[in-house]
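# from the sequence below, what's the structure:
(chains A and B)
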Amino acid sequence: MKLLCAADIHLGRQPSRLPGALAARPADLGPAAAWRRLVDLALEERVDALLLAGDVVDRDDDFFEAYADLRTGVEHLVAGGIPVLAVAGNHDTRVLPRLAEAVRGVTLLGRDGTWQAHAVTGRDGTRASVVGWSFPEPVTSEEPLAHPLPPRGPEATIGLLHCDRDQTGSSYAPVRSADLRVAPVDAWLLGHVHKPDIAADPRPAGYLGSLAATDPGEPGPHGAWLLEVAPDGRLTLRSRPLAPLRWEDLPVDLTGIEDVGEVPVRIAREVDRLHARLAAEGLQAAAVGCRLALTGRTSLRGAVARSLAHDDPRALSVAHDGTEYFIHAWRLEALPALDLEALAREPSPLGLLARKLRVLQGHGDPEGRAALLQSAGRHLAEVPERRYLGAAGTDAPDHERVAALLEAAALDAIDALLAQKEEPA
Amino acid sequence: MRLRALRIQRLPGIDPGFEVTDIAPGVNVVIGPNASGKSSLLRAVRALLYPEELKGLPVDVDGTFEDDEGELRVTRVGGAVAWTRNGEAVPAPELPPHHLLGCYTLGVEELAALTGTDAAIARQLGLELLGGYDLAAVRDSGSFKPPGTGRSEAEALRAAEERLRDVLRDREELQRQQARIAGWREELVQAGRAQEDAADHQRALALLTVRREIDSLRGTVASFPPGMERLRGNEADRLAALQARREEAEEALRQARTRRLDAQRALANSRLEGRMLSKTDIEERRTALQELQRLEGDAEALESEASRARARLEQAEAELRAPEQSGAARDGAPSPRGVAADAGAGAREEAGAARPHDSRPPRLDPATLGHVDDALGRRRRADAQRRALERELEALPDPTDANARPQHDLDTLREGRRALAAALAARPARWSVLRALGLTLALAGSAGATALAALAGTAWPLLAGGGALVVVALLLLLRDDGARARRDAVARYRDSGLEEPQGWGEPAVARQLARLEVALAEGTAYETALARRAEVTRRLAAVERELGAAESELGAVADRVGFDPRHLDADLQRWLRLVDAVDRGRADLAQASADLARKLDAVRTRRDSLGTFLRDYDEAPQEPEAGAALLGRRLEALAARLTERDAAATALRSAAADIERAESEGARQQQEIRAHFGAAGLEPGEDGGADAERALEVTLRERLERLPAFNDAVERLRGATARHDDRARELAGRDDLLALVEADDEAALSEALQTLEARAGDRDRLSHDIASTETLVAEAERERALERAHAERQAAADALQEVLDATLRAEAGRFLLDRVAAEHEEHSQPPALRRAGAWFRRFTRNRFELDYDGGRDPAFAAVETASGERRYPAELSTGTRAQLLLAVRVAFALQAEAGRTPLPLFLDEALTTADAERFQEVADSLGTLSREGGRQLFYLTARAEDAALWRARSPAAGAGATGPAVSGEAASDPTAAEEAAGDQASAGPTAREARAALHIIDVARIRRRGAAVTSPEALAADPPAPVPAPDGTPPELYATLLDVPPLDPWRAAEACHVFHLLRDELPLVRTLVQAGADSVGPLGSLLKSPAADALLAAHERTLIERRVRGLEAYLAGWRRGRGRPVDREALQASGAVSDTFLDRIDALAKELGGDGRALVDALNGPSKVRNFQKAKRRDLEAWLTDNGFIDPRPQADEAELRQRVIAALSGPESEVEGTPEALLGEGGRLAAWLSAAVRAGEARADSGRAAATTRSRS
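Numbering: from 1, shown residues only, chains lettered A, B, ... in the order given. Reported below is the predicted structural model:
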């Protein structure tokens, strides 16, 4: 028996941070495209059922766009003899019930916050049971595993759940890993967290991850999972990347460069390497967004910063085997080629900056670091509250963020002061 | 190093010199009016210490200094400076650099403006402070520069969110509509049913109406006479037509009878009635008549032919006879015409048939004619040849004519020609020369050979000479043959007897030869013509013979036929034809006469037959020989009679038939009329007379007039009936409705119909709603507006987040740079700057702090502690600027002399512009410097009250000072001494000490130019105003005593009076006010100074710092949601308010207390400023919003303000201050105090505005 499993499709959402040409074709790179791929894969693999672990749509009131996509795909599946079993997540407490009522062949498990079992019989005669629990409301602090699961039978039992794991007090169906482990199921297919962490051994359990990554916060491969149930009940789980858009980190070491002109060359080289690696993994994406991190140590740090400020690497776009690689953000993390420890002993402003950088990096004076972060935190706390910036709804930066900001600022300031020394007065 | 005495012998501008001795080591106040020499004292000291001063000028000055080692004397004469100690020369002490001399000699002019000294100080300080780095430049560049306010991004986000909300609202509405579709469909079904039911009711009502109409129409129909239904409307026309046809039949009958009578008459008139004569008979006679006509024609033609034959015969005979008659007239030569005419006449005579012909024409056979013709032809040809030969013979030369004969015969001419040609051919010239030359050579050769043979004795040369002689002989033999031939030729020519040429030269011979050629040609032609003449003569003889033969032959013919054909000449052909014509004319005439006789017989036979026939019917002509024409006319008359007879018979039969037909038709029409009446429902009577018929016709017409109305009624009835049946069928099954119709219950039907139509009327709306909703759903699914709006909102949020992140990076960087700059300044700040800062704070009683701007042009500035505003020296009042520069210069003077010999300070009216309070602060500070640092101080002034101010310096400043002593004569003034003693007694130990240190030098007295200090009172000073002690005074009253201003929440926290923070600590308020820290700004400055440690206890400092945090939190919270007050400056800066409207809008803003929101509302409302355009109002609102004059955020209420204050009082996380309950209480109280202070200010402002309004109205 073959079961195709997916979660967090978020139909109705468009990918963000796309550059010009790609931004014009969100339908080819977003969840809708991934959903079509999923339907095609299910029909191609002739799976015995499609299991959806919630958040199929992005808005639970999107009854016209996401719902239309969802319904169209589901109708194709049902027409192809593939039933759909789903649990509602916090995003689709209204859409999925309506879909289940509208399309015969769609089963919404665990309505009203109760566990429900559904038997599935494969084309090969293998039987399995899928137990599921659905969000009754978009926000619920109810713990699904506080309710008893249906008694299991001899056949393989698969748990389908949208939940917030190990987040006590969460408003999104909190569950504990310990409870998951002891639950009477042979596999847990979870939804809610977009980063996949499902492990195949000793039994398949974990988050399936989002079907399509819509923003840089979801790096790595995304897609569906093919769960095969052997007649003896053994379960085999395989990843099937389907996301048309993929996000990756792109570290580029600047150590040893002798000219800023080498930077684009190294970036291009790393893109090539990244593509080689992804291609070896069976890359399915049509586009790959890269978060560029310029690392290492270089005496040209300031020049690199100025160069990148002038020639934004986000303009870079490279195509490999039909896959478009682009850079959506970049950070200059490279350190100056200086003996910061020695520099920190100087009484000059440069020395003071070096001293603070080292303190921020954890080299001694923890009290001074804490005081600096506290003071800077108070200073920066007002920024998100400013008249216009407050509209972003961002919280004041925490200490970690403040430390990162200060560290980056210290590096930039050191570069700037060094440049002043280099430039004639 | 202190100055103890100074003697000025010579100094530019000083004459005479003077001397000042007994100079105090501490503070010396040098008093003297302007131009009394005060400043010269200073110039003299500078000249002593620095030779570069007054360089090149006549200077003779000496002075006495003292230091730790004793006295030092210095003398300067001209440019030479000499230092001695104890009478021994010593090197000059190491003094501060000359460029910092300005730090020691501070004049009022210098302190009033920036000088090079200040700039030099600032530059030096900058280098020390910045270590070569430009942190400010870094702060304003790159990632440290804030990207902007994020306004556009925030507005884009707000717009995107608004669009998203719009889409969501649309979707919710669409979803609601979609959910209603099922209900609409059900309603649609119900409405459809109602519509059908309504249709049935409408049909029922229609049926009811039809029923009523039928009843009505039936009554109408019944009102017409019976039988109306049988009328068709055309009965009258039909009747008229029938009657007309009846009359036509009667007329036809009458006419037929007339025709019958006429036919009978015509039959009688034909006289053939009863005779067996038919048209065939007539036709047969016509044929016979035609034959007769043909025969008569033939006979006439034959007669004509015979006449013509006779005429031709006569003509031929006449023509044949004509030549004999005309031949005698012409010279015996008959002409062909004459012959023909004679023959014609003969022929006519022959053709006359009736008359015999006496001279018959000859009979010619063809052979004879052939002979005649041939002979005539030969005779004509021979005659023609004879005439031609005769003409040629005449043209040929006659041999007998001697004149025509040539002079010489041809042979002579030919011989002469040959002789001349031979003469021309003989040419001797060339041959003669050659022959002479050859002869000469041959002779010469012969002679030479002979001589050579003689000389050589050999025979060979002789042989050669012999050969030459042979040649000579040959040449002689050859001689000239041409000449000889020529001579022969001449001889021959002369022998011919011909005329010799004019010479025997070649040309003459040639010309003669040509003449001979011509003569020869002429001779030849003459010979030829003679030959031709002989030939022609011969041929002429032959032709003559031929002609004679032909004549003979023709003569023979003439003899034989009796007619001389020679007379015919060339027209024999015609004569022959005439003869032939006479013959044929005779034959033709005979033939024609025979034929004519036969035809005439036949004609007579036919005439007789026709006449017999015509006589039988009375048509025969009276003449017995009537021709065919007359017979024909008679026959045609008979035929006409026959035709008339037949026509009459036919007409008679036709008339009989017409009579029968007309009678039948008349009877039939009468029957039709009767039937027509019957069909119209009118039954005629049995009699059927004309009167009855007229009565019936009248009745019929009356009914026909009413027929249209009847038919209309009947038709309407029929239609109504049909409609009734249709309606009834449509309502089959609706017995309920049929029953209502049957019951004629229109009211019930109408009421039900109205109800049903109302329900059915929703159908279209429901269909439209369903269709439009489904269309909207399809569009929504297709257009993906929600997804797009969501994405746009996310993109806008991302953009704003980017700005926020960039701002955080910038602010983090700036924070770090500021922190580094502060720390570096703190650690690296030169002591002089710190000292200058401390002094400046002290000079200004903490109202200002010294600030150093190490930018591109380093400079000092003052920061007002109450507002935090930075002010550069040019922006400061004169007094504050002097205090700033005094503090800086003195501090740097001390810094500059590190390791060097300290110098006295000279202040030349430096505090002239300072108020008493500040003067005291400066004097106090300088006094402290003098006392603690052993610094000698000179204060030069023209005002005696300055000396009093120095005396009245604060106790702290006067510590260690000694009483004033006045140099000059006044110093020994007992009155002054007493005053001084009295003051000393009243001032206490500190004051006395201070006065003891104060020494007054009256330059005017020294130079005996009067006295600056004229009385001890002049040295008296007003004591400073005391600060009242609270001593249980209620806070509000104490605030009044201190003249505490209300709290202006829009001003900086530093402007807040300390009373508002420390209402529960009034003694502390008094302390702070006494120290000059009456507001938070100076208070903060005080707290930074060491004086605070002595002035405030630690818990007081902590309390103050806590309350200040609470104040800042309160103000920040209060300002949220409240726009800054709009003032005139803001209105101008907005760019939206022109000068035209500025006054009015500014007044409106003042009236509204500067409330930007209220101002905009007022401008948009009824009290708006007239003519201030809408676009400008929008611009103003946007600007006020962007610049914080309108804050759309919600305002914090008192509870929130209290929470903010409490949170602020709790301090940093690392601090632990009091219990929570205590903090709550303290925070609550502080918030309440501040709110009360704000309200007091607002009330004051309101009353002020009210008063202003009242004033403006009054």
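
# now do the contacts for residue 245.
No chain in the question, so chain A it is. Taking C-beta atoms under 8 Å, 6 or more residues apart in numbering or on different chains, we find A:L245 in contact with A:P15, A:L18, A:L29, A:G30, A:A212, A:A213, A:T214, A:A285, A:A286, A:A287, A:V288, A:G289. Any C-beta I mention is one placed from the backbone N, CA and C, and that applies to glycine too.

# the intended chain is chain B.
B:R245 neighbours (C-beta under 8 Å, 6+ apart): B:E665, B:Q669, B:E672.

# quick check: phi and psi at it.
Backbone geometry at B:R245, expressed as degrees, to the nearest 10, gives phi -60, psi -40.

# likewise for B:G26?
Torsion angles, degrees, to the nearest 10, at B:G26: phi -100, psi -110.

# kindly report the same for B:E864.
Torsion angles, degrees, to the nearest 10, at B:E864: phi -70, psi 120.

# near chain B, which residues of the stretch 1-150 of chain A show up?
A:12-14, A:16-17, A:26, A:58-59, A:61-66, A:68 (C-beta under 8 Å from any C-beta of the partner chain).

# of those residues, the lowest pLDDT goes to which?
Scanning these for pLDDT, the smallest score is found at A:P26, 84.

# separation between that one and B:G555?
151 Å (C-beta to C-beta, to the nearest Å).

# now do B:E1129
Distance from B:E1129 to B:G555, by C-beta to C-beta: 175 Å.

# and the spatially closest residue to B:G813 that is not a sequence neighbour, what does it touch?
In this structure, B:G813 finds its nearest non-sequential neighbour in A:A409, 3.6 Å apart by C-beta to C-beta, 6 or more residues apart in numbering or on different chains. Counting by C-beta under 8 Å, 6+ apart, A:A409 touches B:S143, B:F144, B:R809, B:A812, B:G813, B:F815, B:L816, B:L817.

# from what I can see the first one touches A:D412, true?
This points to B:S143. Yes: between B:S143 and A:D412 a contact is recorded at 5.3 Å, counting by C-beta atoms under 8 Å.

# overlap of the contact sets of those two?
B:G813.

# what ranges do the strands span in the stretch 201-350 of chain A?
In the stretch 201-350 of chain A, the strands defined using DSSP state E, counting those that start in this stretch lie at A:205-207, A:223-229, A:235-241, A:245-253, A:287-295, A:297-298, A:317-320, A:323-332, A:335-336.

# got those as TSV, with distance to B:G497 columns?
Shown next, in TSV, are the strands of the stretch 201-350 of chain A (distance: least, C-beta to C-beta, whole Å):
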stretch	distance to B:G497
strand A:205-207	172
strand A:223-229	160
strand A:235-241	158
strand A:245-253	153
strand A:287-295	149
strand A:297-298	156
strand A:317-320	141
strand A:323-332	145
strand A:335-336	161
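
# would you turn those strands into JSON lines with mean pLDDT?
JSON lines is the format used below for the strands of the stretch 201-350 of chain A (pLDDT from 0 to 100):
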{"stretch": "strand A:205-207", "mean pLDDT": "96"}
{"stretch": "strand A:223-229", "mean pLDDT": "96"}
{"stretch": "strand A:235-241", "mean pLDDT": "94"}
{"stretch": "strand A:245-253", "mean pLDDT": "96"}
{"stretch": "strand A:287-295", "mean pLDDT": "95"}
{"stretch": "strand A:297-298", "mean pLDDT": "92"}
{"stretch": "strand A:317-320", "mean pLDDT": "90"}
{"stretch": "strand A:323-332", "mean pLDDT": "93"}
{"stretch": "strand A:335-336", "mean pLDDT": "88"}
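
# which stretches in the stretch 301-425 of chain A count as helices?
In the stretch 301-425 of chain A, the helices defined using DSSP state H, counting those that start in this stretch lie at A:301-310, A:340-343, A:349-360, A:366-381, A:399-422.

# mean confidence for the longest one?
Per-residue pLDDT values across helix A:399-422 average out to 88.

# go on, the shortest one?
Computed over helix A:340-343, the mean pLDDT rounds to 87.

# may I see the buried residues of that helix?
A:L340, A:L343 (16 or more other C-beta atoms under 10 Å in any protein chain shown).

# where does the stretch 851-1000 of chain B have low pLDDT?
B:854-858, B:878, B:895-896, B:898, B:910-918, B:921, B:951-997 (pLDDT under 70).

# all the strands of it, residue numbers only.
Under DSSP E, counting those that start in this stretch, the stretch 851-1000 of chain B gives strands at B:859-864, B:870-871, B:905-908, B:937-941, B:965-967, B:998-1002.

# and chain B, is stretch A:381-388 touching that?
Yes: using C-beta under 8 Å from any C-beta, we find that stretch A:381-388 touches chain B at A:V383, A:P384, A:R386, A:R387, A:Y388.

# how many residues are close by the second one?
By that I understand A:P384. Residues within reach of A:P384, counting by other C-beta atoms under 10 Å in any protein chain shown, total 19.

# would you agree it is in contact with B:V803?
No: A:P384 is beyond contact range of B:V803, at 11.2 Å (criterion: C-beta under 8 Å).

# quick one: residues contacting the most centrally placed residue in chain A.
Relative to the mean C-alpha position of chain A, the nearest C-alpha, by C-alpha atoms, centre = their mean, is the one of A:E218, at 1.9 Å. Contact analysis of A:E218 by C-beta under 8 Å, 6+ apart lists A:H194, A:K195, A:G209, A:S210, A:W247.

# hmm, back to that, comparing A:P26 and B:G555, which residue is more hemmed in?
A:P26 (22 against 14).

# what sits against the nearest residue to the more buried one once chain neighbours are set aside?
Nearest residue to A:P26, sequence neighbours excluded (C-beta to C-beta, 6+ apart): A:Q14, at 4.1 Å. Neighbour list for A:Q14: A:P26, A:G30, A:T214, B:E787, B:R788, B:H790, B:A791, B:Q794 [criterion: C-beta under 8 Å, 6+ apart].

# can we see that at 6 Å?
A:P26, A:G30, B:E787, B:A791 (C-beta atoms under 6 Å, 6 or more residues apart in numbering or on different chains).

# including distance to B:R935 and secondary structure, could the residues you listed go into JSON lines?
Output for the contacts of A:Q14, formatted as JSON lines (distance: C-beta to C-beta, whole Å; DSSP: H, G, I helix; E, B strand; the rest coil):
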{"residue": "A:P26", "distance to B:R935": "80", "secondary structure": "helix"}
{"residue": "A:G30", "distance to B:R935": "81", "secondary structure": "coil"}
{"residue": "B:E787", "distance to B:R935": "82", "secondary structure": "helix"}
{"residue": "B:A791", "distance to B:R935": "76", "secondary structure": "helix"}
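
# checking A:V131 next. Helix, strand or coil?
For A:V131, the assignment made with DSSP: H, G, I helix; E, B strand; the rest coil gives strand.

# how much space separates B:R158 from chain A?
As judged by C-beta to the nearest C-beta, to the nearest Å, B:R158 and chain A stand 6 Å apart.

# could you say which helix or strand contains that residue?
helix B:151-222 (DSSP states H and E).

# list the contacts for A:V229?
With C-beta under 6 Å, 6+ apart, A:V229 has these contacts: A:M1, A:T126, A:A128, A:A156, A:L235.

# what is the helix or strand hosting the third one packed up against?
Right, the one you point to is A:A128. Mapping A:A128 onto the secondary structure by DSSP H and E places it in strand A:127-133. Helices and strands touching strand A:127-133, by 3 or more C-beta pairs under 6 Å, 6 or more residues apart in numbering or on different chains; DSSP states H and E, are strand A:116-121, strand A:156-162.
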